[in-house]
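**Student:** I'd like to go over a predicted model; first the sequence, then the structure.
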Amino acid sequence: MIQWSGYVLDMTMSVLFFMPFYIKAIRFRNFRIELYSYGVIPRFLVSIAALVVLTIEFLLFLSFAIGLLGGWRELAAIVLLAAFAFFSWRKTKLTGVDTCACYGEIAFLNRSPVYRNAILIGLLVVDLLLPAPELDGYARITSLLFVMALSISIGLLQSAWTKRKRRKHREHSAAVPM
């Protein structure tokens with residue numbers, strides 16, 4: 001039972017790292033703008049920093065999905081999330097904006113990134129304390145495909161839901177006489 005808890009946490013973390021990787025990769029220009037808005041990286045280094053972040057997120061997704069680098073992946077994820085939380089906190093203090101675009105149109109994951117990352121760090125600490133699940137090659141590949149399919153499906157469903165809400169809002173606005 002405890003080993004399954006570790007597996008579920010690993011899959012959750014894998015999804016939570018694949019989704020922003022995928023969204024940032026397909027909206028790379030927007031991600032570079034978002035990264036620059038934190039006011040930490042000079043303009044000429046933004047593209048390189050964006051590629052580094054994408055690489056780290058992809059490696060974390062991969063390591064959680066297939067069960068590699070146990071212990072190290074949690075520590076790397078904690079460092080990354082703590083850095084993002086600090087930069088988000090700093091951005092909020094400077095601009096008053098308490099959101100990010102990490103998860104694209106999945107609004108509830110973009111609100112309050114400092115609190116979200118604190119919760120994720122807590123889950124990662126729990127994951128560190130649980131025994132690592134033993135996965136054979138087939139289970140690793142299945143887990144990897146499951147995480148990718150689930151993440152992309154969540155993104156597509158959220159995008160469709162957002163478009164539907166916008167369309168209804170436009171229809172409602174057009175139907176209201178002035």
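**Tutor:** Ah, there it is. Residues are numbered from 1 along each chain as shown.
**Student:** Ramachandran angles for the closest residue to R90 other than its chain neighbours?
**Tutor:** Nearest residue to R90 in three dimensions, chain neighbours excluded: Y38, at 7.0 Å (C-beta to C-beta, 6 or more residues apart in numbering). Heads up, the C-betas are built off the backbone N, CA and C, glycines and all. Recorded main-chain torsions at Y38 are phi -70, psi -20, according to degrees, to the nearest 10.
**Student:** I'd like the distance between Y38 and K91.
**Tutor:** 5 Å (C-beta to C-beta, to the nearest Å).
**Student:** The two: which has the busier surroundings?
**Tutor:** Neighbour tally, Y38 and K91, criterion other C-beta atoms under 10 Å: the higher count belongs to K91, 21 against 18.
**Student:** Specify the local secondary structure of that one.
**Tutor:** helix (DSSP: H, G, I helix; E, B strand; the rest coil).
**Student:** where does this structure have its least confident helix or strand?
**Tutor:** Lowest on mean pLDDT, DSSP states H and E among the helices and strands of the chain sits helix 107-110, with a mean of 66.
**Student:** next structured bit after it?
**Tutor:** helix 113-129 (DSSP states H and E).
**Student:** list the helices and strands that next one packs on?
**Tutor:** On a contact count with 3 or more C-beta pairs under 8 Å, 6 or more residues apart in numbering; DSSP states H and E, helix 113-129 meets helix 2-26, helix 72-95.
**Student:** If you count neighbours, what's buried in the last one?
**Tutor:** Taking 16 or more other C-beta atoms under 10 Å as the neighbour-count basis, helix 72-95 is seen to contain the buried residues 73-74, 76-78, 80-81, 84-85, 87-88, 91-92.
**Student:** what does the first one give?
**Tutor:** Counting neighbours by 16+ other C-beta under 10 Å, one finds that the buried residues in helix 2-26 are 6-7, 9-11, 13-24.
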